[in-house]
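> this one's structure only:
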């Protein structure tokens with residue numbers, strides 16, 4: 001539960017809850033007992049006021065507030081209530097942040113958060129409806145990010161839902177090309193997309209340090225130029241003729257493929273079947289991108 005709370009940016013949500021000083025002290029105290037392998041504690045207001053160095057009145061109000069927001073869970077013994085004098089209670093932290101209750105004023109403030117970047121153009125939409133072509137494009141982009149991130153991971157249902165939500169937040173905040181580039185570069189070093197979204201600046205700066213200030217957009221442009229070069233060579237060879245039908249089909253696949261240099265890698269593995277393309281494979285082997293069975297690019301050894 002604690003690991004999932006950390007991966008879902010639980011502390012960030014806690015920071016946005018606008019708790020009082022005493023409430024934060026109480027939450028941190030309960031979290032500390034959880035880390036110490038005591039998920040529930042049995043205590044009362046007097047003991048908590050001594051531990052926290054707060055008045056019993058402040059502790060009473062903090063317990064009442066946190067319980068009403070469902071940030072903590074409380075149970076009383078022998079039908080006792082918080083309003084009785086110094087009742088014993090069992091307290092635990094609620095790690096499921098989706099069940100936390102926040103006042104409407106806070107929800108409006110969070111929904112109104114403005115991100116530093118926005119993809120695409122703004123449109124004036126009546127009735128709040130989103131154009132279908134934009135919705136379809138955004139969904140396709142989310143799926144691209146999701147497939148790339150989960151290519152070498154096994155996720156449960158909750159993690160899949162959180163990853164989809166984080167992918168949506170990322171494309172609303174940052175250029176898609178940079179998102180894909182960072183995911184490819186860091187791989188398993190990014191445990192969740194939520195972590196990437198909340199620490200975007202850190203990962204961007206780290207990427208620049210590790211790649212010696214490589215131009216991300218320039219690198220993508222170079223890839224596109226090499227893809228175009230390969231397609232032009234395929235088209236030129238098709239026009240020359242003297243090829244078997246199956247060999248022509250291979251060239252057509254490369255021309256129409258979204259990632260022709262990756263597809264060239266798979267065709268190269270079966271080059272013995274296409275003798276008419278032997279010189280083509282030899283001349284263009286330097287353009288192909290080696291990939292694994294899942295489509296992940298294999299990094300060349302230095």
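Yep, that arrived. Just so you know, these numbers come straight off a predicted model, no measurement behind them. Numbers count the residues shown, from 1 in each chain.
> contacts, neighbours, all on C-alpha from now
Noted.
> Spatially central residue in the protein, please.
To find the centre residue of the chain, average its C-alpha atoms and take the closest one (CA atoms, centre = their mean): that gives residue 193, at 1.4 Å.
> what pLDDT does that residue get?
Reading off the confidence values, residue 193 has pLDDT 90.
> and it, what does it touch?
Contact analysis of residue 193 by CA atoms under 8 Å, 6 or more residues apart in numbering lists 149, 163, 166, 167.
> ok, now residue 263?
The contact partners of residue 263, taken as CA under 8 Å, 6+ apart, are 254, 257, 288.
> Can you tell me which of those residues is closest to residue 185?
The nearest member of these to residue 185, counting by CA to CA, is residue 288 at 18.8 Å.
> rewinding a little: and the residue nearest to the centre of the chain, backbone torsions?
When read as degrees, to the nearest 10, the backbone of residue 193 gives phi -70, psi -30.
> again with residue 253
Taking degrees, to the nearest 10 as the convention, residue 253 sits at phi -60, psi -40.
> what comes into contact with the top helix by length along the chain?
As far as residue count goes, and with DSSP state H defining each element, the longest helix of the chain is helix 216-240. By CA under 8 Å, 6+ apart, the list of residues contacting helix 216-240 from outside reads 177-178, 181, 248, 251-252, 254-255, 259-261, 284, 287.
> for the nearest residue to residue 39 once chain neighbours are set aside, helix, strand, or coil?
Sequence neighbours aside, residue 92 is the residue nearest to residue 39 in space, at 6.1 Å (criterion: CA to CA, 6 or more residues apart in numbering). Of the three states, residue 92 takes strand under DSSP: H, G, I helix; E, B strand; the rest coil.
> residues in contact with residue 92?
Remark: with contacts taken as CA under 8 Å, 6+ apart, residue 92 is in contact with 30, 39, 40, 41, 72, 73, 74.
> Which residue is most remote from the mean position of this structure?
residue 242 (49.5 Å).
> and that one, that's in a strand?
No: the assignment for residue 242 (three-state DSSP) gives coil, which keeps it out of a strand.
> Kindly give the local confidence score, pLDDT, for it.
pLDDT, the model's per-residue confidence, is 82 for residue 242.
> Would you enumerate the residues in contact with the closest residue to it other than its chain neighbours?
The shortest distance from residue 242 to any residue that is not its chain neighbour, by CA to CA, 6+ apart, is 7.9 Å, and that residue is residue 276. With contact taken as CA under 8 Å, 6+ apart, residue 276 is in contact with 242, 243, 244, 247.
> List of residues touching the helix or strand hosting the last one?
Here residue 247, judged by DSSP states H and E, is contained in helix 245-256. Contacts with helix 245-256, where a contact means CA under 8 Å, 6+ apart, come from 231, 234, 235, 238, 260, 261, 263, 264, 267, 274, 276, 277.
> which parts of that helix are buried?
For helix 245-256, the buried set under the neighbour-count rule, 16 or more other CA atoms under 10 Å, comprises 247, 248, 250, 251, 253, 254, 255.
> quick one: residue 186 from residue 210, how far?
Using CA to CA, to the nearest Å, we find residue 186 at a distance of 10 Å from residue 210.
> And for residue 276?
According to CA to CA, residue 276 stands 43 Å off from residue 210.
> isn't there a helix covering residue 95?
No: following the definition three-state DSSP, residue 95 is coil and is not counted among the residues of a helix.
> what about the nearest residue to it once chain neighbours are set aside, which helix or strand?
For residue 95, ignoring the flanking residues on the chain, the nearest one in space by CA to CA, 6+ apart is residue 5 at 5.9 Å. Using DSSP H and E, residue 5 maps to helix 2-7.
> How about the helix or strand just after that helix, which residues are buried there?
Toward the C-terminus, helix 2-7 is succeeded by helix 10-15 as the next helix or strand (DSSP H and E). Within helix 10-15, the residues that qualify as buried are residue 10, counting by 16+ other CA under 10 Å.
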